[in-house]
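# what's the 3D shape of this:
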Amino acid sequence: MIAAPDPDEPPSSPAFGLDAEPDGERGEATGDGERERSDGEIGYRGTVVRFTPGSGSGVVRSRAGREVPFELQHVVVLGELVASPGRYAIAVGQEVGFDVGWTSRGLRVTKLFPAR
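As a prediction, the model looks like this:
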């Protein structure tokens, strides 16, 4: 039986199934707890594996294989992923950068942005 991750562990710890360091690179912690990689991008990289535009929900798979759900009403969407106010250019198979956070329902995507 697999033990549940410790809620006091940061999301970047190996217990969460995400990369130990975002995108496998060493980064410096920023003041708000995110990690900034040497190329300036913040967060993790992954692929959108499910997206339902009607409900605004979907799933991102990290490079380590962990699937993390999201609901657009609770996510900050940045850059080219915003087609127009209230409309998003998110598609299945698209490479994205993302950040995660804990909710009462577990680990969730908190921020989505275009992967470089």
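# please make it C-alpha for all contacts and neighbour counts, starting now.
OK.
# contact partners of stretch 70-89?
55-60, 90, 108-114 (C-alpha atoms under 8 Å, 6 or more residues apart in numbering).
# ok, 7 Å please
The contact list for stretch 70-89, computed with C-alpha atoms under 7 Å, 6 or more residues apart in numbering, reads Gly56, Ser57, Gly58, Val59, Ile90, Arg108, Val109, Thr110, Lys111, Leu112, Phe113, Pro114.
# residue contacts, the fifth one?
Contacts here follow C-alpha under 7 Å, 6+ apart; on that basis Ile90 touches Leu81.
# ends of stretch 96-111, how far apart?
10 Å (C-alpha to C-alpha, to the nearest Å).
# buried set for that stretch?
If you call a residue buried by 16 or more other C-alpha atoms under 10 Å, then stretch 96-111 has these buried ones: Val96, Gly97, Phe98, Asp99, Val100, Leu107, Arg108, Val109, Thr110, Lys111.
# again, but for stretch 47-55
Thr47, Val48, Val49, Arg50, Phe51.
# could you do stretch 86-93 as well?
Of the residues in stretch 86-93, Tyr88, Ile90, Ala91 count as buried by neighbour count, 16+ other C-alpha under 10 Å.
# okay, those in a markdown table with pLDDT and distance to Leu78 next?
Compiled in a markdown table, the buried residues of stretch 86-93 are given as follows (pLDDT from 0 to 100; distance: C-alpha to C-alpha, whole Å):
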| residue | pLDDT | distance to Leu78 |
| --- | --- | --- |
| Tyr88 | 88 | 10 |
| Ile90 | 93 | 11 |
| Ala91 | 93 | 15 |
